[in-house]
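Engineer: My questions concern the predicted model and sequence given below.
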Amino acid sequence: MSQNLPDPSTAPELFDGVLQRRMVAYVIDFVFLLLIAIIIAFVGLIAGFLTLGLGWVAIPIVAPIAVLGYYAATLGSHRRATPGMQAMDIILTPTRGAPLDGWRILIHPLLFWITVWISWPLSLVFALFTPRQQMVHDLIAGTLMVRRSPMERHWGSLRASA
């Protein structure tokens, strides 16, 4: 792990309420993804009638691509957060000293949805017992979720000491 990785014992403000904020951010992002799915279904329904059923076949292909595009556009931006995460003042940051690259941006949400489908309570309970409140998919992807505003101060102090 990176030597610049924040520690909950020395910077507790970075981890204050992160798990609760993540749950609310998930609900906000789920609403956005639901709206995207509804739009895709509506357009696919109309396209299906116009193309004699071909549009209906495209829906199961286009919907996952749109969801991955949502995460790529939001987590891949300079903010490194989805709209729900931005609203809850949390940010996704790498733990292995590498930048948040394209693969990690796509692997993180894929692992998240897999762990949610398998057992979301287990993933939440797991986060209660890790020092940085990391969920299973965070540990696998090598990411960390922290509060954005205190993290900006943390990054500023690292730049000042360097």
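Structural biologist: Yep, it's here.
Engineer: Residue nearest the middle of the chain, spatially speaking?
Structural biologist: Residue closest to the average C-alpha location in the chain (C-alpha atoms, centre = their mean): Pro109, at 5.6 Å.
Engineer: tell me the SS of that residue?
Structural biologist: helix (DSSP: H, G, I helix; E, B strand; the rest coil).
Engineer: Could you pull out the helices in the chain for me?
Structural biologist: 18-50, 54-75, 83-87, 102-128, 136-141, 148-161 (DSSP state H).
Engineer: Could I get the average pLDDT for the shortest one?
Structural biologist: What it means is helix 83-87. For helix 83-87, the mean per-residue pLDDT is 96.
Engineer: go on, the first one?
Structural biologist: Per-residue confidence for helix 18-50 averages out to 95 on the pLDDT scale.
Engineer: okay, the angle between it and helix 102-128?
Structural biologist: 130 degrees (axes from the mean of the first three to the mean of the last three C-alpha atoms, to 10 degrees).
Engineer: Just the buried positions in helix 18-50, please.
Structural biologist: 18, 21-22, 25-26, 28-29, 33, 40, 44, 47-48 (16 or more other C-beta atoms under 10 Å). C-beta: built from backbone N, CA, C; applies to glycine.
Engineer: what's the answer for the fourth one, then?
Structural biologist: Of all the residues in helix 102-128, those buried under the rule 16+ other C-beta under 10 Å are 104-109, 111-112, 115, 123-124, 126-127.
Engineer: Please apply the same query to the third one.
Structural biologist: Judged by neighbour count using 16+ other C-beta under 10 Å, the buried positions of helix 83-87 are 84-86.
Engineer: out of these, who's nearest Glu13?
Structural biologist: Minimum distance to Glu13 across these is 17.2 Å, recorded for Met85 (C-beta to C-beta).
Engineer: about what we covered before: relative to His78, which of the buried residues of helix 83-87 is nearest.
Structural biologist: So of the buried residues of helix 83-87, ranked by how close each gets to His78 (C-beta to C-beta), first place is Gln86, at 11.6 Å.
Engineer: I am finished for the moment; much appreciated.
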